[in-house]
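A.B. asks: Sequence plus predicted model, see below.
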Amino acid sequence: MKQYLFTLILTASITFALTWAVWRLSMKFKLYPGIRERDVHKTPKPRLGGVAMFIGIAIAILISAANPFFERMWSPPQTLWAILAAAALIAVVGVIDDLWDLDWMIKLAAQFLAAGIITAWGGLQILSLPIGTMVLVSPWLSIAITMVAIVVVMNAVNFIDGLDGLVAGVCLIANGIFFVYSYILTRDSGATSYFNLATFLAAVLIGACLGFLPFNWSPAKIFMGDSGALVLGLLMATSAIAVTTQGDVNAFDPAKFGRSQLLGAFIPIVLPLVIVMLPLLDFGLAVFRRMRAGKSPFAPDRKHLHHRMLDLGHRDRDAVLVFYAWTAVISLAVLLMYIGTRQDWPGGYVGGIVFGVVGAAACLVVTRMPSRHSPRTDEPSEGEPQTLEATKPLEPR
């Protein structure tokens, strides 16, 4: 656990320092686009925070090569190099898109290429699905399922990037719960070491979100942009897939779960999906909505879940906190149900259900009862442009 905490703190510190540097440079050279119709903020702000997040993540991964605790992760090293290469590709494409607005087909092709790098070169694939007993899928089907899963999660995370602190906070909570889950899962599998690639990636993602969030909290100084949101989605999907490939696959055998064998068999797949449930829901609704209207599924609009929260009367900060609560309640409920399937804590299963029902009901009440405060003025921070005329004439996305 100490090694994971060190990795988390290191990533957070590097990301924090780099985010400040990127923000200052972006303001100095006016590297920020104009305000789009669907944007909530009123003053132009840089969208290059993802650059700092990617560099912080990359440095933490590279430093782990010198740590004996993570030696297994680098033997053989192609998995980590593949993850770094895929994340670098997405970060570069994200920066170009944030500045000059790439065609959505180019972005989608780059995303599938990054997913292919992780599956083909890195060897991370969904090899089995826990349906009663272990069911192995064919190699080509495994590659296809894995690549689609990675691309879907990447876009789902990117789609909710519309309010100050929303993506960073949701991913912080989701990866925090996933960290605990993967750590416990590794221990329950009877492994000789608590090391797990999924747990390591979760710790790195927690650190990146912690380091970035102070600059992104309302009113934000800088946004992560596509270069940040897509990289977060890529690594979250990768860490979830790593759970199914690391360690003893018998850890997913339903016979090892005392209570509710069916739930126990599905939880290793359910929980990674649950932690991105809100982004996936928003993504699915957006694709359906746009395709029904005869538009591209990636055509931007102002009908995302966070926009609907604002339309209900919530301030943007309150809407973000509601999203945090939904993410925490749903993820913690499933985590408690997983713990409840273990023989040594049978009460956790019922506790997880009760917590989920009560928590979801409370969140629903809060969602339908918006605050009555005055709307945010979005006053510019020190060093930010005071008017839209001060912006660099970049094409809106």
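C.D. replies: Sure thing, it's come through.

A.B. asks: On the three-state scheme, residue 223 is what?
C.D. replies: coil (DSSP: H, G, I helix; E, B strand; the rest coil).

A.B. asks: What's the local residue count around it?
C.D. replies: 27 (other Cβ atoms under 10 Å). Backbone N, C-alpha and C define where each C-beta goes, glycine included.

A.B. asks: I figured it hits residue 213, correct?
C.D. replies: No - using Cβ atoms under 8 Å, residue 223 makes no contact with residue 213, being 11.9 Å away.

A.B. asks: what's the neighbour count on the closest residue in space to residue 3 that isn't next to it in sequence?
C.D. replies: Ranked by Cβ to Cβ, 6 or more residues apart in numbering and with sequence neighbours excluded, the top spatial neighbour of residue 3 is residue 69, at 4.4 Å. By the criterion of other Cβ under 10 Å, residue 69 has 16 neighbours.

A.B. asks: cool, residue 68 as well?
C.D. replies: Residue 68: 7 neighbours (other Cβ under 10 Å).

A.B. asks: likewise residue 108?
C.D. replies: Neighbour tally, residue 108, other Cβ under 10 Å: 17.

A.B. asks: Assign it to one of the three secondary structure states.
C.D. replies: helix.

A.B. asks: just residue 233 next, same as before
C.D. replies: Applying three-state DSSP: residue 233 is helix.

A.B. asks: I'd assumed residue 186 was in contact with residue 199.
C.D. replies: Yes - proximity of residue 199 to residue 186 meets the contact threshold set by Cβ under 8 Å, at 6.6 Å.

A.B. asks: Out of those two, name the residue with the larger neighbour count.
C.D. replies: Set residue 199 next to residue 186 and count neighbours by other Cβ under 10 Å: residue 199 wins out with 26 against 22.

A.B. asks: before we move on, could you check phi and psi at the residue nearest to residue 3?
C.D. replies: Residue 69 adopts backbone torsions of phi -60, psi -30, taken as degrees, to the nearest 10.

A.B. asks: neighbours around residue 359, how many?
C.D. replies: 17.

A.B. asks: Could you report the neighbour count for residue 188?
C.D. replies: 17.

A.B. asks: From residue 181, how far out is it?
C.D. replies: Distance, residue 188 to residue 181, using Cβ to Cβ, to the nearest Å: 10 Å.

A.B. asks: Next: residue 157.
C.D. replies: Distance from residue 157 to residue 181, by Cβ to Cβ: 18 Å.

A.B. asks: between these two, which one's more packed in?
C.D. replies: residue 157 (29 against 25).

A.B. asks: Return the one helix or strand that one maps to as PDB; C-alpha atoms alone will do.
C.D. replies: Here residue 157, judged by DSSP states H and E, is contained in helix 139-159. Extracted C-alpha coordinates of helix 139-159, given in PDB (Å, rounded to 0.1, in the frame of the first residue of the first chain):
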ATOM      1  CA  PRO A 139      -9.000 -14.200 -30.000                       C
ATOM      2  CA  TRP A 140     -10.400 -12.000 -32.700                       C
ATOM      3  CA  LEU A 141     -13.700 -11.500 -30.800                       C
ATOM      4  CA  SER A 142     -11.600 -10.600 -27.700                       C
ATOM      5  CA  ILE A 143      -9.700  -8.000 -29.600                       C
ATOM      6  CA  ALA A 144     -12.800  -6.500 -31.100                       C
ATOM      7  CA  ILE A 145     -14.700  -6.400 -27.800                       C
ATOM      8  CA  THR A 146     -11.700  -4.800 -26.000                       C
ATOM      9  CA  MET A 147     -11.100  -2.100 -28.600                       C
ATOM     10  CA  VAL A 148     -14.800  -1.100 -28.700                       C
ATOM     11  CA  ALA A 149     -14.900  -1.000 -24.900                       C
ATOM     12  CA  ILE A 150     -11.900   1.300 -24.700                       C
ATOM     13  CA  VAL A 151     -13.200   3.600 -27.400                       C
ATOM     14  CA  VAL A 152     -16.700   3.800 -25.800                       C
ATOM     15  CA  VAL A 153     -15.300   4.600 -22.300                       C
ATOM     16  CA  MET A 154     -12.900   7.200 -23.700                       C
ATOM     17  CA  ASN A 155     -15.800   9.000 -25.400                       C
ATOM     18  CA  ALA A 156     -18.100   8.600 -22.400                       C
ATOM     19  CA  VAL A 157     -15.700  10.300 -20.100                       C
ATOM     20  CA  ASN A 158     -15.100  13.100 -22.700                       C
ATOM     21  CA  PHE A 159     -18.800  13.700 -23.200                       C
END
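
A.B. asks: what packs against that helix?
C.D. replies: helix 104-116, helix 225-243, helix 277-292 (3 or more Cβ pairs under 8 Å, 6 or more residues apart in numbering; DSSP states H and E).

A.B. asks: got a list of what the nearest residue to residue 326 once chain neighbours are set aside touches?
C.D. replies: Using Cβ to Cβ, 6+ apart and skipping residues adjacent in sequence, the residue nearest residue 326 is residue 363, 5.2 Å away. For residue 363, the contacting residues are 322, 325, 326, 329, by Cβ atoms under 8 Å, 6 or more residues apart in numbering.

A.B. asks: Which element, helix or strand, includes residue 210?
C.D. replies: For residue 210, the host element (DSSP H and E) is helix 197-216.

A.B. asks: Can you check what angle separates that helix from helix 225-243?
C.D. replies: Put simply, helix 197-216 runs at 160 degrees to helix 225-243, going by axes from the mean of the first three to the mean of the last three Cα atoms, to 10 degrees.

A.B. asks: Could you pull up the mean pLDDT of helix 197-216?
C.D. replies: The pLDDT scores in helix 197-216 average 96.
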